[in-house]
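Participant: fold the following, please.
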Amino acid sequence: MRRSREGSDHALSDPLVIPNSASLGQRLAAKILYILLRLLRLTWRIHFSDPRGSLEAGRDKPFIICVWHNRLAYAMYAYRDSIKPVSGRRLAAMVSASKDGAFLVEILRAFDIEPVRGSTSRRGRQALLELSRQMKAGLHLAITPDGPRGPCYEIQDGILSLAQVTGLPIIPLGCASKRKYRFKSWDRFQLPLPFTRCDVEYGEPLHIPRKLNDADRNEFRAELKKRLDAISPE
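Facilitator: From the prediction side, this is the model:
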């Protein structure tokens, strides 16, 4: 893949944006949802697979976890039951600065995940800088490449820019379950049903050069989607 002088300058730029805070109703709803997820987890049979030893490598250096937006329910437990215990590192995740993002922030905090507010369209550059600071503090980073508004299963520039700025490898996180409920949201959000088996797999790491031209960027975007799709069956 060719490199050019065009690098992280392609990263997100935006004016100063103050993220929305969670309302009282959102905080209460988040607590209820957290309790529901804890109860469901007692019934799920989760199988974790890390054939390339990405988590062990994460003991020495942070990485970027990349998961489709509609697999967030699985990803919470991938962190709590697998990533944190094996690598010994906490996680910082990019969350939209919108009102919906404020709700998700409350869920992430309940799972001991550090939220960083921003998205491709709002507060992107500020979020990249904050995530870089979290990396320097030793935390893994996480981002949903098709969030926060989609299109579903389409890689946005944010994940590539984050990898360019930090120099960290992207670890695709694949999640699937035999029985699940699909919400009628833009991402067709998945919630595993009680007593089902959930499969969580850590895919092949992808390293993004600091300097990319547009053609290379498109090639890396296609490659990341390919790796995610390979371990995220519908």
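Participant: export the strand or helix carrying residue 46 as PDB, just CAs?
Facilitator: When secondary structure is defined using DSSP states H and E, the element that contains residue 46 is strand 45-49. Output of strand 45-49 as PDB, limited to C-alpha atoms (Å, rounded to 0.1, in the frame of the first residue of the first chain):
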ATOM      1  CA  ARG A  45     -23.100 -19.200  27.700                       C
ATOM      2  CA  ILE A  46     -20.300 -17.000  26.400                       C
ATOM      3  CA  HIS A  47     -17.400 -18.600  24.500                       C
ATOM      4  CA  PHE A  48     -14.300 -16.300  24.100                       C
ATOM      5  CA  SER A  49     -11.800 -17.100  21.300                       C
END
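Participant: chain center to the host helix or strand of residue 73, what's the gap?
Facilitator: Residue 73 is part of helix 72-78 when elements are defined by DSSP H and E. Taking CA atoms, centre = their mean, to the nearest Å, one finds helix 72-78 lying 10 Å from the centre of the chain it belongs to.
Participant: contact partners of it?
Facilitator: Counting by CB atoms under 8 Å, 6 or more residues apart in numbering, helix 72-78 makes contact with 37, 41, 44, 46, 48, 65, 67, 104, 107-108, 111, 113, 142, 144, 173, 175, 177, 189-192, 198, 200, all of which sit outside it. Any C-beta I mention is one placed from the backbone N, CA and C, and that applies to glycine too.
Participant: give the other helices and strands that the biggest strand by length in the chain contacts.
Facilitator: Ranked by residue count, the top strand of the chain under DSSP state E comes out as strand 170-177. With contacts defined as 3 or more CB pairs under 8 Å, 6 or more residues apart in numbering; DSSP states H and E, strand 170-177 has these neighbours: strand 64-66, helix 72-78, strand 190-192, strand 197-202, helix 214-230.
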